[in-house]
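Asks: turn this into a structure:
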Amino acid sequence: MTTDLTSRFPLGAAVTTAELDDDPHPRLARLREREPVSWLPALGGWLVTARDPAQRVLRDAAAFTVDDPRFSTAQVVGPSMLSLDGPVHTRHRDPFARPFRPAPTRERFTAFVAAEVDRLVAGIAPAGRAELRGDVAGPLAVAVVAEALGLDGVDAATVRSWYGAFVDAVSAITAGGAAPTAAGEAYRLLTAAVEDAIRASRPGSLLAGAARDEAGLTTAEVVANAAILMFGGIDTTEGMIANAAMHLLGHPGQLELVREDPGLLDAAIEESLRLEPSASVVDRYATRDAALEGARIREGDLVRVSIAGANRDPSVFPDPDRFDVRRSNAADHLAFARGPHFCFGAHLARLEAHTALAALLERLPGLRLDPSRPARPRGLVFRKPPHLHVQWDA
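Replies: Model prediction:
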């Protein structure tokens with residue numbers, strides 16, 4: 001079967017993981033044009049690069065599910081909203097998702113995010129230079145997740161260390177190895193902290209609220225979903241902020257449009273999400289044989305949706321490789337997915353990105369990329385610049 005697929009999908013057969021990690025967009029464009037659903041031996045599965053079939057996969061959880069024992073995150077943290085479908089997915093998701101609707105998100109987090117951004121930007125302002133991922137984007141994302149979870153007595157650095165251990169474990173399993181022992185210790189400490197938060201039942205506590213919800217989640221299920229919120233709220237939001245800053249500062253003409261009309265900042269963020277989504281791909285598994293854009297997918301096959309590929313589909317986004325803050329339909333991107341696994345933290349992530357970028361542009365005069373330390377995104381799954389060095393007129 002594999003030999004037959006390789007001959008039927010020659011472009012997919014030629015793709016390497018190194019290429020997808022480095023600069024996937026030229027290859028994704030060729031696949032989207034000639035093999036929009038292609039078999040990639042390098043991934044051991046299918047890659048969907050065109051928008052229409054991508055949306056079909058994301059929306060049809062009955063045919064393309066996350067509920068599969070190969071799903072690496074579930075191997076690390078156990079069953080959660082990220083690795084379940086159907087009614088059990090709703091049971092896990094709803095107690096956490098309700099507090100993140102637009103109005104509650106603005107009410108609870110606007111002041112906190114503004115204060116945290118003020119602290120971080122004030123800390124770097126006198127220096128005239130900084131590394132924005134490590135100095136602003138990352139610390140902000142971690143602080144907001146720590147605040148959202150309401151883990152009393154647990155500082156942001158500890159939350160980040162737990163999250164780092166989980167990411168290392170998922171990466172090791174994805175590469176065919178075993179999870180490092182640090183992940184088990186991190187999970188034990190997270191469990192103890194969640195148990196304390198549930199017992200304390202602080203007003204507004206997301207974890208205590210989820211434990212008391214009519215869905216009847218067990219403590220272990222609350223812990224698993226708390227770990228998933230770390231994945232969703234830290235890495236992708238950090239990347240979203242870093243990528244948006246990189247795009248704006250890397251396109252002086254577009255930056256000038258935003259400076260002249262600050263109302264374009266939200267549009268610039270959406271265009272950055274379209275051009276380089278921080279979560280580049282998502283995985284699903286076929287529950288039955290299916291036909292997709294001429295490809296015959298078999299039950300059990302891995303079907304990986306390229307969000308990055310779908311977001312540059314020229315049938316939806318003309319001149320798709322261009323960063324254009326005035327693009328009228330930029331918000332039609334798939335960066336937050338579609339269907340039952342749409343990211344309910346999207347409103348909070350947008351709040352963080354807007355607040356951070358507005359403060360950086362307003363308070364750091366002449367903000368620009370450091371020409372001696374160029375930045376560009378990397379990553380097979382999570383794409384962002386490893387470092388984003390900037391300068392300004394201190």
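Asks: residue contacts, the residue nearest to the spatial centre of the chain?
Replies: Among the residues of the chain, the one closest to the centroid is residue 236, at 3.2 Å (C-alpha atoms, centre = their mean). By C-beta atoms under 8 Å, 6 or more residues apart in numbering, the contact list for residue 236 reads 278-279, 343, 349, 382. Where you see a C-beta, it was placed from the backbone N, CA and C, and this is true even at glycine.
Asks: wait, is it part of a helix?
Replies: Yes: checked against DSSP: H, G, I helix; E, B strand; the rest coil, residue 236 lies within a helix.
Asks: state the distance from it to residue 29.
Replies: 24 Å (C-beta to C-beta, to the nearest Å).
Asks: next one: residue 180
Replies: 37 Å.
Asks: now swap in residue 96 and tell me
Replies: Residue 96 is 37 Å from residue 29, by C-beta to C-beta.
Asks: more neighbours: those two, which one.
Replies: residue 96 (26 against 17; other C-beta atoms under 10 Å).
Asks: is it true that the more buried one touches residue 207?
Replies: No: the criterion here is C-beta atoms under 8 Å, and residue 96 misses it with residue 207 at 9.1 Å.
Asks: check contacts around residue 144.
Replies: Applying C-beta under 8 Å, 6+ apart, the residues near residue 144 are 109, 112-113, 116, 233, 237, 348, 352.
Asks: one more time with 6 Å, if that's ok
Replies: Residue 144 makes contact with residue 352, according to C-beta atoms under 6 Å, 6 or more residues apart in numbering.
Asks: and the helix or strand hosting it, C-alpha only, in PDB?
Replies: Assessed by DSSP states H and E, residue 144 sits inside helix 138-149. Extracted as PDB, the C-alpha positions of helix 138-149 are listed here (Å, rounded to 0.1, in the frame of the first residue of the first chain):
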ATOM      1  CA  GLY A 138       6.400  34.300  26.800                       C
ATOM      2  CA  PRO A 139       6.100  35.900  30.300                       C
ATOM      3  CA  LEU A 140       2.800  37.500  29.500                       C
ATOM      4  CA  ALA A 141       1.300  34.200  28.200                       C
ATOM      5  CA  VAL A 142       2.500  32.300  31.300                       C
ATOM      6  CA  ALA A 143       1.200  34.900  33.700                       C
ATOM      7  CA  VAL A 144      -2.200  34.900  32.100                       C
ATOM      8  CA  VAL A 145      -2.500  31.100  32.200                       C
ATOM      9  CA  ALA A 146      -1.400  31.100  35.900                       C
ATOM     10  CA  GLU A 147      -4.000  33.700  36.700                       C
ATOM     11  CA  ALA A 148      -6.700  31.900  34.700                       C
ATOM     12  CA  LEU A 149      -6.100  28.600  36.500                       C
END
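Asks: now do residue 138, the pLDDT please.
Replies: With respect to pLDDT, residue 138 scores 95.
Asks: what do you get for residue 2?
Replies: pLDDT at residue 2 comes out at 68.
Asks: how near is the residue nearest to residue 348 when sequence neighbours are not counted to residue 228?
Replies: The shortest distance from residue 348 to any non-neighbouring residue, by C-beta to C-beta, 6 or more residues apart in numbering, is to residue 105 (5.2 Å). Per C-beta to C-beta, residue 105 is found 18 Å from residue 228.
Asks: doesn't residue 347 make contact with residue 102?
Replies: Yes: with contact defined as C-beta atoms under 6 Å, residue 102 reaches residue 347; the gap is 5.0 Å.
Asks: neighbour count for these two, which is higher?
Replies: A count of neighbours by other C-beta under 10 Å puts residue 347 above the other of residue 102 and residue 347, at 18 against 12.
Asks: that one: which element?
Replies: helix 346-363.
Asks: buried residues, that helix. List them.
Replies: 346-361 (16 or more other C-beta atoms under 10 Å).
Asks: before we move on, what about stretch 241-251?
Replies: Neighbour-count burial for stretch 241-251 [16+ other C-beta under 10 Å]: 241-249, 251.
Asks: now stretch 30-48
Replies: So, applying 16+ other C-beta under 10 Å, buried residues of stretch 30-48: 31-32, 35-40, 43, 45-48.
Asks: again with stretch 195-207
Replies: 197-198, 205-207.
Asks: ok, residue 45 touching residue 302?
Replies: Yes: with contact defined as C-beta under 6 Å, residue 45 counts as touching residue 302 (2.9 Å).
Asks: helix/strand/coil for the closest residue to residue 165 other than its chain neighbours?
Replies: Closest residue in space to residue 165, ignoring its immediate chain neighbours: residue 186 at 3.8 Å, by C-beta to C-beta, 6+ apart. Local secondary structure at residue 186 is given as helix here, using three-state DSSP.
Asks: in stretch 272-292, what counts as buried?
Replies: Buried, per 16+ other C-beta under 10 Å, within stretch 272-292: 272-287, 290, 292.
Asks: so which of the residues you listed sit within strands?
Replies: 281-286, 290, 292 (DSSP state E).
Asks: what's downstream of the helix holding residue 144, the next helix or strand?
Replies: Next element after helix 138-149 (DSSP H and E): helix 156-174.
Asks: packing partners of that following helix?
Replies: The contact analysis (3 or more C-beta pairs under 6 Å, 6 or more residues apart in numbering; DSSP states H and E) places helix 156-174 against helix 72-77, helix 138-149, helix 181-200.
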